[in-house]
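A.B. asks: What follows is a predicted structure for the sequence shown.
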Amino acid sequence: MNNKRTLLDYTLRLADDALIIGHRLSEWCGHGPILEQDIALTNTALDHLGRARSLFQYAADQFNGFPAEDKKEVFSSVTLQTLLASGASIGEDDLASLRDGWDFRNVLLVEQPNIDWGYTVARSFFYDLFNYLYFTELVKSKDETISSVAEKSLKEVTYHLRWSSEWVVRLGDGTEESNKRIQQAVNELWMYTGELFVANDTDNVMQAQGISPDLGPLKTEWLARVQSVFDEATIAMPTGTWMQQGGKDGNHSEHLGYILTELQFMQRAYPGMSW
């Protein structure tokens with residue numbers, strides 16, 4: 001894999017993570033437990049989607065600069081291949097709406113279903129804490145576009161982490177029922193957290209070039225901060241060490257297919273549609 005293709009894959013992964021977690025959180029719009037939290041989650045979803053837009057446009061700019069022959073090898077989507085065969089360039093909407101599931105590179109954690117409020121809080125906390133640590137380092141990236149996106153995102157992620165941390169404590173140190181539910185969510189989602197810190201070939205190349213941070217030290221700090229919040233919330237740290245992975249390489253759970261069916265419906269049903 002050449003350096004340009006690796007940077008494209010890395011940019012798409014950052015965008016895919018933001019798009020999918022943003023869509024998951026948007027599912028609470030109109031369904032939150034109270035109006036204040038309904039609005040808070042909707043705004044958080046918009047933060048993620050805004051980051052996804054910036055990254056998808058950067059990815060599209062990279063892709064459009066590839067030689068014609070190289071473009072044919074990047075995506076498996078027949079719809080995208082047809083669009084490219086016409087000589088058209090692609091944009092942010094095409095990357096979000098026309099790729100197939102195996103072209104997505106998001107981690108498995110973000111595609112897991114909401115199930116209930118406890119699962120949403122636990123998933124957000126695990127991901128928000130990782131994002132906070134990751135973007136703190138990503139600001140130093142040698143890629144100016146990625147660095148600027150990380151700098152803007154860090155302000156938003158700081159709020160996201162405060163919100164999800166407070167809700168973990170609120171549920172864990174609340175009633176017997178709320179403690180039971182958040183503990184169950186933590187236990188079941190724990191096996192998806194390991195992938196956040198598993199470096200694949202793309203991570204290794206990007207780290208060597210000074211574009212992405214080293215995941216190793218982040219894991220140590222992440223675990224320590226998780227433990228600190230769990231202690232305050234009277235939640236037990238899961239003991240299982242086996243972790244799911246594969247999302248970074250395009251191997252996903254069945255949940256992503258359902259997300260894309262809903263997310264991509266309008267563009268698939270009415271090709272070429274624009275706002």
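C.D. replies: Now that the structure is in, tell me what you want to look at.

A.B. asks: which one is Gly257 nearest to, not counting chain neighbours?
C.D. replies: Gly101 (5.5 Å; C-beta to C-beta, 6 or more residues apart in numbering). (Each C-beta comes from the backbone N, C-alpha and C, glycine too.)

A.B. asks: Now that neighbour: phi and psi?
C.D. replies: phi -60, psi -40 (degrees, to the nearest 10).

A.B. asks: for Phe197, same thing?
C.D. replies: phi -110, psi 10.

A.B. asks: The residue nearest to it when sequence neighbours are not counted: neighbouring residues, count only.
C.D. replies: Leaving aside its chain neighbours, Phe197 sits nearest to Lys219 (4.1 Å; criterion: C-beta to C-beta, 6+ apart). Counted by other C-beta atoms under 10 Å, the residues lying close to Lys219 total 17.

A.B. asks: In terms of helices and strands, where is Lys219?
C.D. replies: helix 215-233 (DSSP states H and E).

A.B. asks: Report the buried residues of that helix.
C.D. replies: 215, 218-219, 222, 225-226, 229-230, 233 (16 or more other C-beta atoms under 10 Å).

A.B. asks: what's the average pLDDT for that helix?
C.D. replies: Helix 215-233 comes out with an average pLDDT of 96.

A.B. asks: Show me what that helix is packed against.
C.D. replies: helix 117-138, helix 144-172 (3 or more C-beta pairs under 8 Å, 6 or more residues apart in numbering; DSSP states H and E).

A.B. asks: could I get that helix in CSV with only the CA atoms?
C.D. replies: Written as CSV, here are the backbone C-alpha positions of helix 215-233 (Å, rounded to 0.1, in the frame of the first residue of the first chain):
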residue,chain,number,x,y,z
LEU,A,215,-1.5,4.0,20.8
GLY,A,216,0.5,2.2,23.5
PRO,A,217,0.9,5.0,26.0
LEU,A,218,-2.7,6.0,25.5
LYS,A,219,-4.0,2.7,26.6
THR,A,220,-2.3,2.9,30.0
GLU,A,221,-3.7,6.4,30.7
TRP,A,222,-7.1,5.4,29.4
LEU,A,223,-7.3,2.4,31.7
ALA,A,224,-6.2,4.5,34.7
ARG,A,225,-8.9,7.1,34.0
VAL,A,226,-11.6,4.5,33.4
GLN,A,227,-10.7,3.0,36.8
SER,A,228,-10.9,6.4,38.5
VAL,A,229,-14.4,7.0,37.2
PHE,A,230,-15.6,3.5,38.0
ASP,A,231,-14.3,3.8,41.5
GLU,A,232,-16.4,7.0,42.0
ALA,A,233,-19.4,5.3,40.3
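
A.B. asks: one step back: just send the helices and strands packed on helix 215-233 back as JSON lines, with mean pLDDT and distance to Phe197 too.
C.D. replies: Output for those, formatted as JSON lines (pLDDT from 0 to 100; distance: least, C-beta to C-beta, whole Å):
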{"stretch": "helix 117-138", "mean pLDDT": "97", "distance to Phe197": "8"}
{"stretch": "helix 144-172", "mean pLDDT": "96", "distance to Phe197": "17"}
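
A.B. asks: before we move on, back to that, may I ask you to confirm that the residue nearest to Gly257 is in contact with Leu263?
C.D. replies: No - using C-beta atoms under 8 Å, Gly101 is not in contact with Leu263; the gap is 10.9 Å.

A.B. asks: Going along the chain, name the helices of this structure.
C.D. replies: 3-26, 35-64, 68-71, 78-85, 92-97, 117-138, 144-172, 176-189, 201-208, 215-233, 254-263, 265-269 (DSSP state H).

A.B. asks: Report the buried residues of stretch 168-176.
C.D. replies: Here stretch 168-176 shows 168-169, 171-172 as buried, counting by 16+ other C-beta under 10 Å.

A.B. asks: Can you give me the end-to-end span of that stretch?
C.D. replies: One end of stretch 168-176 to the other measures 14 Å (C-alpha to C-alpha, to the nearest Å).
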